[in-house]
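1. Okay, predicted coordinates and the sequence, questions at the end:
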Amino acid sequence: MHIIGPDTRKMALVMVGLPARGKSYTARRIERYLSWLGYHTRVFNVGQYRRVRVGAQMPHDFFDPDNPKGESARREVALEALSDLIEWLHGDGDVAIYDATNTTAERRAMVAAQCQEQGVQVLFVEIACDDPSIIEDNIRSTKLSSPDYVDMDPDDAVRDFRNRIAHYERIYQPLHPDEGAFLRVTGAGRSVTVSNVDGYLASRLVFFLMNLHLTDRPVLLTRHGESMYNVNHQIGGDPDLSPQGQRYAHVLADFLDARFPDPESVTIWTSSLKRAVQTANPLGRRSLAWRSLDEINAGICDGMTYEQIKQEMPLEFEARHHDKFRYRYPRGESYEDVIQRLEPVIIEIERTRKPVLVIAHQAVLRALYAYFNSIAPHECTRLPVPLHRVLELRPHAYGCQEVRVSLDK
Ligand code: F6P
């Protein structure tokens, strides 16, 4: 699927920055975000190519720019990754992320020239973190567990990695506006500088990167309590909660009081539909109702049961079964539509540093869940999201931990 607007050609996002600044982390976050929005996105990590071609455990002097053997081996793997990236973009790839240090203007000019020759638009993304605590954290949390330092004494590994950084520092040239379009992220999203950037996709990325932060906090997802439509197997509508659903709302309130006693410590969002708002009422906390969180609009099928749709509109039923992701209910929505309208919710969740509780609906929560778990959007349409469960997600640097709490009493 290609939903890149008319102003965007195939694009290479070329990461720039010293080691341990969060380039790979940022690359992966961009990959997850753009993939979820429907862009075919892939990270090409030059470090992984190096580990395969040259071996993982190279001492720091391999990275010394004055070591001609190391320099030429590193250039070779960088070129190999770049050529794979361009080939992939010539196929069905939309956005490729070239994850390497690219610390000199000369190296960047070479990368940009090769991409442009092949009709690939280049956007540099520089991660210029100067916060020693973030760098220290990155070294300890990601580098020590990297295959480069497996079985090595942690202090020796840290020392070696610091020496490796020092080699890059000697030659590092920050991006200059003459080099083309770039985004510079400073201090883990504290500020984003934009230079020569034009176009829809690049502007979307600026917005996304501005809202990223490293604060660890959970995102809790739950469907509303059982509704009268759930009882009758009808879809859509704006029904009230059933007695069982009202009970769930109270159990959820107890769960929240135990888990987050301070009412201000959690941000609570519901859809604008009655069943979600009624689920939030007994919590006795402030909540915000978003229309973006409303359930998939079933159009002319709203209020029907699946059995009725099958009997009365067999072609619609079959079409949805055949391609549930793209199928759009007549005068309603598809899952693809739902994802597009959920984008501001994702940006807000990314921006929020407090725990967030989202009380919404089956299709909407499938879409949000897919984002946090890097599940391809078209694969989200049948994910199990039962009633009366809280899914507690804890997004971290390279994935997402999950706890499912059943509150079915
Ligand atoms: O049945 C509950 C419900 O939230 C409906 O309102 C909605 O149409 C449906 O789930 C979405 O699930 P699916 O995409 O599997 O039909």
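-> Yep, that arrived.
2. In stretch 40-59, which residues are buried?
-> Residues of stretch 40-59 classed as buried: 40-51, 58 (neighbour count, 16 or more other Cβ atoms under 10 Å). Where you see a C-beta, it was placed from the backbone N, CA and C, and this is true even at glycine.
3. End to end on it, go ahead and measure it.
-> 36 Å (Cα to Cα, to the nearest Å).
4. what's the offset of it from the middle of its chain?
-> On the basis of Cα atoms, centre = their mean, to the nearest Å, stretch 40-59 sits 22 Å off its chain's mean C-alpha point.
5. swap in stretch 27-43?
-> 7 Å.
6. ok, now stretch 299-317?
-> Worked out by Cα atoms, centre = their mean, stretch 299-317 lies 34 Å from the chain centre.
7. which of the residues in that stretch are buried?
-> 301-302, 304, 309, 313, 316-317.
8. Now, the residues you listed that are in helices?
-> Among those, the ones falling in helices (DSSP state H) are 309, 316-317.
9. Out of those residues, which comes closest to the ligand?
-> Using Cβ to the nearest ligand atom, residue 309 comes nearest to the ligand of these, at 9.6 Å.
10. Would you quantify the distance from the closest one to residue 19?
-> 55 Å (Cβ to Cβ, to the nearest Å).
11. tell me which of the buried residues of stretch 40-59 is nearest to residue 211?
-> If you rank the buried residues of stretch 40-59 by distance to residue 211 using Cβ to Cβ, residue 41 comes first, at 18.2 Å.
12. Is it correct that that closest one is in contact with residue 34?
-> Yes. Contact criterion Cβ atoms under 8 Å: residue 41 and residue 34 qualify, at 4.2 Å.
13. Going by proximity to the ligand, name the top residue of the stretch 201-350 of the chain.
-> residue 235 (3.6 Å).
14. Not counting residues beside it along the chain, what's closest to that residue?
-> Nearest residue to residue 235, sequence neighbours excluded (Cβ to Cβ, 6 or more residues apart in numbering): residue 298, at 5.1 Å.
15. could you pull out the strands for the stretch 201-350 of the chain?
-> Counting by DSSP state E, counting those that start in this stretch, the stretch 201-350 of the chain has strands at residues 219-223, 267-271, 288-290.
16. low-confidence ranges in the protein?
-> In the predicted model, the chain carries pLDDT under 70 at residues 1-9, 188-189.
17. Which residue ranges of the stretch 1-150 of the chain form helices?
-> When assigned using DSSP state H, counting those that start in this stretch, the helices of the stretch 1-150 of the chain occupy the ranges 23-36, 46-53, 68-90, 105-117, 132-138.
18. Name the stretch among these that sits most buried.
-> helix 23-36 (a mean of 22; mean count of other Cβ atoms under 10 Å).
19. Can I get that helix in PDB? Just the C-alpha atoms.
-> Extracted in PDB, the C-alpha atoms of helix 23-36 (Å, rounded to 0.1, in the frame of the first residue of the first chain):
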ATOM      1  CA  LYS A  23      19.900   7.100  16.900                       C
ATOM      2  CA  SER A  24      18.800   3.500  16.800                       C
ATOM      3  CA  TYR A  25      16.100   4.100  19.300                       C
ATOM      4  CA  THR A  26      14.800   7.100  17.300                       C
ATOM      5  CA  ALA A  27      15.100   5.100  14.100                       C
ATOM      6  CA  ARG A  28      13.000   2.300  15.500                       C
ATOM      7  CA  ARG A  29      10.400   4.700  16.900                       C
ATOM      8  CA  ILE A  30      10.000   6.300  13.500                       C
ATOM      9  CA  GLU A  31       9.800   2.900  11.800                       C
ATOM     10  CA  ARG A  32       7.000   1.900  14.200                       C
ATOM     11  CA  TYR A  33       5.100   5.100  13.700                       C
ATOM     12  CA  LEU A  34       5.300   5.200   9.900                       C
ATOM     13  CA  SER A  35       4.600   1.500   9.500                       C
ATOM     14  CA  TRP A  36       1.500   2.000  11.600                       C
END
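20. other SSEs contacting that helix?
-> strand 11-16, strand 41-45, strand 95-99, strand 121-127, helix 200-211, helix 335-351, helix 362-372 (3 or more Cβ pairs under 8 Å, 6 or more residues apart in numbering; DSSP states H and E).
21. list the contacts for the residue nearest to residue 363 when sequence neighbours are not counted?
-> In this structure, residue 363 finds its nearest non-sequential neighbour in residue 296, 3.9 Å apart by Cβ to Cβ, 6+ apart. Contacts of residue 296 were listed using Cβ atoms under 8 Å, 6 or more residues apart in numbering, and they are 236, 329, 332-335, 337-338, 361, 363-364.
22. Ok, residue 207 next?
-> residue 347.
23. So which residues on the stretch 201-350 of the chain come close to the ligand?
-> Within the stretch 201-350 of the chain, the positions near the ligand by Cβ under 6 Å from any ligand atom are 235-236, 295-296, 298.
24. now with 8 Å?
-> Selection of the stretch 201-350 of the chain residues close to the ligand by Cβ under 8 Å from any ligand atom yields 223, 229-230, 233-237, 295-296, 298, 301, 306, 320, 324, 335.
25. So which of the helices and strands packed on helix 23-36 is nearest residue 249?
-> Among the helices and strands packed on helix 23-36, the nearest to residue 249 by Cβ to Cβ is helix 362-372 (16.6 Å).
26. what's the following helix or strand after the closest one?
-> As assigned by DSSP states H and E, the chain's next helix or strand after helix 362-372 is strand 389-396.
27. Within the sheet, what are the partner strands of that next one, with directions?
-> If you go by DSSP bridges, strand 389-396 pairs up with strand 219-223 (antiparallel), strand 399-406 (antiparallel).
28. out of those, deepest packed?
-> Most buried among these, given mean count of other Cβ under 10 Å as the contact rule, is strand 219-223, at a mean of 24.
29. now that one against strand 267-271, angle please.
-> With axes from the mean of the first three to the mean of the last three Cα atoms, to 10 degrees as the basis, strand 219-223 and strand 267-271 are set at 30 degrees to each other.
30. what's next to strand 219-223, contact-wise?
-> Contacts to strand 219-223, defined as Cβ under 8 Å, 6+ apart, come from residues 252, 266, 279, 349, 355-362, 365, 368-369, 372, 385-395.
31. circling back to that earlier point, format the helices and strands packed on helix 23-36 as TSV; extra columns: distance to residue 109.
-> Converted to TSV, these look like this (distance: least, Cβ to Cβ, whole Å):
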stretch	distance to residue 109
strand 11-16	11
strand 41-45	19
strand 95-99	14
strand 121-127	10
helix 200-211	20
helix 335-351	33
helix 362-372	36
